[in-house]
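1. Provided below for reference: sequence and predicted model.
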2 protein chains.
Amino acid sequence: MRTVFEKTDAIALVAEVFRECGYEGASMSTITTRTRLSKGSLYHFFPGGKEQMAAEVLAHVDAWFAREIFEPLETAEPRAAIAQMWTAVDEYFRSGKRICLIGAFALDETRDRFAKPIRSYFERWTNALEAALTRNGTPAGDARQLAEDAIASIQGALVLARAMADETIFERSLGRMRLRLASHTT
Amino acid sequence: MRTVFEKTDAIALVAEVFRECGYEGASMSTITTRTRLSKGSLYHFFPGGKEQMAAEVLAHVDAWFAREIFEPLETAEPRAAIAQMWTAVDEYFRSGKRICLIGAFALDETRDRFAKPIRSYFERWTNALEAALTRNGTPAGDARQLAEDAIASIQGALVLARAMADETIFERSLGRMRLRLASHTT
DNA sequence: GTCTATATGGAGATAGAC
DNA sequence: GTCTATCTCCATATAGAC
């Protein structure tokens, strides 16, 4: 039974496997099952094997965030861009049921393999949020710290939500952070 | 060459391997190398193999936190206990160079294998911090949220610090959170 | 309680038919 | 571009000598 017809479709499915299992925990047979593609097909799409898959998955995730979050923060009207960020984050992580693959990769040795894309994802996000806050009137010193706090809060809330198996944690954490950002930008 | 003489010593070394590589990424041969124990010795200490090792490592980490952080928060004078928490956290995670093994396990499928200890670690920490804040005069509604925020901030800061390979992030994040807790407990 | 040697399965990866 | 068959290697785990 063929289910996936294009590489792009495969990437989205592979991304979910890496997200759920981690880089080391995601085996070729799991990926085979979940994509309904044979190893032959997978290696046709990704001659570099698992490492190439992960690299393309990271690029795919980064592209989504760039489009939905980073670019608005960098160029759009700051208040609207920040509101859009919270909407996009909530949608993307599905109330904490989904984790941040790039954050998870950062925690173990996988980070060394993909250091550059991992680093640039978080740096661009932090810089973009800082810039939006600054454009919106937040004092320069506060803006950097608030940006770091917001992104760390998101990552930490994902850990807690999964650890306690409680979705409400993510929602509540997001709500608080949203208010803190807003209260510093008036 | 024998280096490890007691199981306790082995557990601490094994913990570092899991911390650096994750559960799936930590192979028996890595563990063999790092503990300088042969597979025979390791299986003598841990007949249940890798899964038992991880379970004992989780218990070991939990015991450290219970002694240094949870029990003081639960029973000691709250202001001193909170101060002790920040000291212990900073020492334990070594400015973000070390990650939280229990938090990392929570992010992938490893969580399902060790759901109970992972959950109880974070629940006890959150409850203990909430209780200390309450005893110290923080309004009940705020205490819960501040406790969740503080623990999520720590976890998130560890992710960011590693992702950006920047130790200062962890220190700064800890400093901000410490101030936020203090400002709500006066 | 430590070790070496070994069993067995599944890992990532390749070849080549269709 | 998809598949099956196959390769090699390393994973976890065991047996049994010392």
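-> Looks like it arrived, so ask away. If you're wondering where the values come from, they're calculated on a predicted model, not measured in any experiment. Numbers count the residues shown, from 1 in each chain, chains lettered A, B, ... in the order given.
2. which residue does chain A bring closest to DNA strand C?
-> Nearest residue of chain A to DNA strand C (C-beta to the nearest atom of the strand) works out as residue A:49 at 2.3 Å. The C-beta positions use only the backbone N, C-alpha and C, and glycine is treated the same way.
3. Quick check: the gap between that residue and DNA strand D.
-> To DNA strand D, residue A:49 is 12 Å away according to C-beta to the nearest atom of the strand, to the nearest Å.
4. ok, the one residue sitting closest to the centre of chain A - contacts?
-> The centroid of chain A falls nearest to residue A:100 when counting by C-alpha atoms, centre = their mean (4.5 Å). If you count contacts by C-beta atoms under 8 Å, 6 or more residues apart in numbering or on different chains, residue A:100 has them with A:93, A:154-155, A:158, B:159.
5. Compare those residues and tell me which has the most neighbours.
-> Using other C-beta atoms under 10 Å in any protein chain shown as the neighbour criterion, residue B:159 leads those with 33 neighbours.
6. quick revisit: right, and the residue of chain A closest to DNA strand C touches residue A:39 too?
-> No: taking contacts as C-beta atoms under 8 Å, residue A:49 lies outside contact range of residue A:39: 9.7 Å.
7. where do the contact lists of the two overlap?
-> Residues touching both residue A:49 and residue A:39 (C-beta under 8 Å, 6+ apart): residue A:28.
8. To what extent is the nearest residue to the residue of chain A closest to DNA strand C once chain neighbours are set aside buried, counted in neighbours?
-> Excluding its sequence neighbours, the residue lying closest to residue A:49 (C-beta to C-beta, 6 or more residues apart in numbering or on different chains) is residue A:43, at 6.7 Å. Applying other C-beta under 10 Å, we find 15 other residues in the vicinity of residue A:43.
9. now the one 10 residues further on
-> Summarising burial for residue A:53: neighbours were counted as other C-beta under 10 Å, giving 25.
10. List of residues touching stretch A:138-146?
-> A:126, A:129-131, A:133-134, A:180-181, A:184-185, B:172, B:176.
11. Check stretch A:171-179 too.
-> A:86, A:89-90, A:95-96, A:149-150, A:153-154, A:156-157, A:160-161, B:145, B:148-149, B:152.
12. Tabulate the contacts of residue A:100 in CSV, adding columns for pLDDT and distance to DNA strand C.
-> Converted to CSV, the contacts of residue A:100 look like this (pLDDT from 0 to 100; distance: C-beta to the nearest atom of the strand, whole Å):
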residue, pLDDT, distance to DNA strand C
A:93, 98, 25
A:154, 98, 29
A:155, 98, 25
A:158, 98, 24
B:159, 98, 24
